[in-house]
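Novice: using only what follows, build the 3D model:
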Amino acid sequence: MSRIHEALKKAELEADTSGFTSLRPLEAEARTEAPREAVVPVDIKTDFGVRLPDTSRRTTSVGWEHIREKCVQVSWKPDPARNVFGNPSLSLEAAEQFRTLRSRLYQLRAAEKSLRVVLITSPVSGDGKTFVATNLAQAIVRQADRRVLLIDADLRSPNLHIALGASPAPGLGDYLNGSADELSVIQHGQEGGLYFIGGGTTVNNASELLSNGRLNSLIEHTGAHFDWILIDSPPCLPVADASVIAGLCDGVLLVLRAGSTPSSAASKASQEIPKKKLIGVVLNGVAENITNYGSYYGKSYYGHMSPDEAGSRL
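Specialist: As a prediction, this is how the structure comes out:
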């Protein structure tokens, strides 16, 4: 993890001392007063020798038309402060960086045909994994005829629904404990191909529910109908939930926050995740003057910028 360690150390030295990073504006010419953050996807496939598992044996018991017609149809009210594609006061660069992150995933898929189900986690809370999951999903569904199932698997403290303006329940926790079926927890709330499963009712036995086999069934029954399934989990160091979910996924993206995530936590998190599952790192909250890692570390680093949520951190 020496390259991650070096990136974090550089970010710690150059991050804004105010506690928020100073970044260029996103998607429109006007600046917003809210602080912003940046994300840097890091391709560590070569470093870790990733070989993703074969998922060709997945079975399908739910047809796409059945999912589309029977899932919960609602009207979401997305939070513009958390969506780089839906806020006209933000600059183009943030959206472009998430498009680049999207492209990197498709490049990995071209090499590893089985890449479809991706877990997005972080070492500790506050690194921005939920923000990254939300905007990566939005980037993918902006392509024609692409479908994404975005799942909030943080059963202890679900908040992915806030960015989408969706309902958290019934959600994954309700499905896992048997009180809801698959179609009653899948939401479709905006035009396009984004579908969502909220965290559901908060539970105290999250690890046990996540390992009871029902999440695996959900992925098997619906996975073939989506181009990507993106799963947002709790941080991987405080609890075992992310490790449980990683075993059901084709790959894991690890989100770190520049100037915040300790390098020791990044190193420990990389050890918690099986090497064959760790497909990349997203460095989040990068200050403007260090967003272009390509010029410093080489082709593995790309600047990705996104806004911070006015005083809050995901």
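Novice: what is the least confident helix or strand in the protein?
Specialist: When each helix and strand of the chain is scored by mean pLDDT, DSSP states H and E, helix 294-297 comes last, with a mean of 29.
Novice: okay, buried residues for the helix or strand harbouring Ala110 please.
Specialist: Element membership for Ala110 (DSSP states H and E) is helix 92-111. Using 16 or more other Cβ atoms under 10 Å as the test for burial, helix 92-111 gives 93-102, 104-105, 108-109. (C-beta placed from N, C-alpha, C; glycine too.)
Novice: run through the strands of this structure in chain order.
Specialist: Along the chain, the segments classed as strands by DSSP state E run 36-43, 72-73, 117-121, 148-152, 186-188, 194-197, 228-232, 251-257, 278-284, 304-307.
Novice: and the third one, what does it pack onto?
Specialist: For strand 117-121, the helices and strands in contact under the criterion 3 or more Cβ pairs under 8 Å, 6 or more residues apart in numbering; DSSP states H and E are helix 129-141, strand 228-232, helix 241-246, strand 251-257.
Novice: the fourth one now?
Specialist: Contacts defined by 3+ Cβ pairs under 8 Å, 6+ apart place strand 148-152 against helix 129-141, helix 160-164, strand 194-197, strand 228-232.
Novice: go ahead and flag the most central residue of the chain.
Specialist: Centroid-nearest residue in the chain: Ala133, 2.4 Å away (criterion: Cα atoms, centre = their mean).
Novice: quick check: that residue touching Leu160?
Specialist: Yes: using Cβ atoms under 8 Å, Ala133 makes contact with Leu160 at a distance of 6.8 Å.
Novice: which neighbours do these two share?
Specialist: 150, 232 (Cβ atoms under 8 Å, 6 or more residues apart in numbering).
Novice: poorly predicted segments of this protein, please.
Specialist: Low-confidence segments of the chain, defined by pLDDT under 70: 1-62, 88-91, 287-314.
Novice: what about Ala110, distance to Arg142?
Specialist: According to Cβ to Cβ, to the nearest Å, Ala110 and Arg142 sit 20 Å apart.
Novice: repeat that for Ala163.
Specialist: 16 Å.
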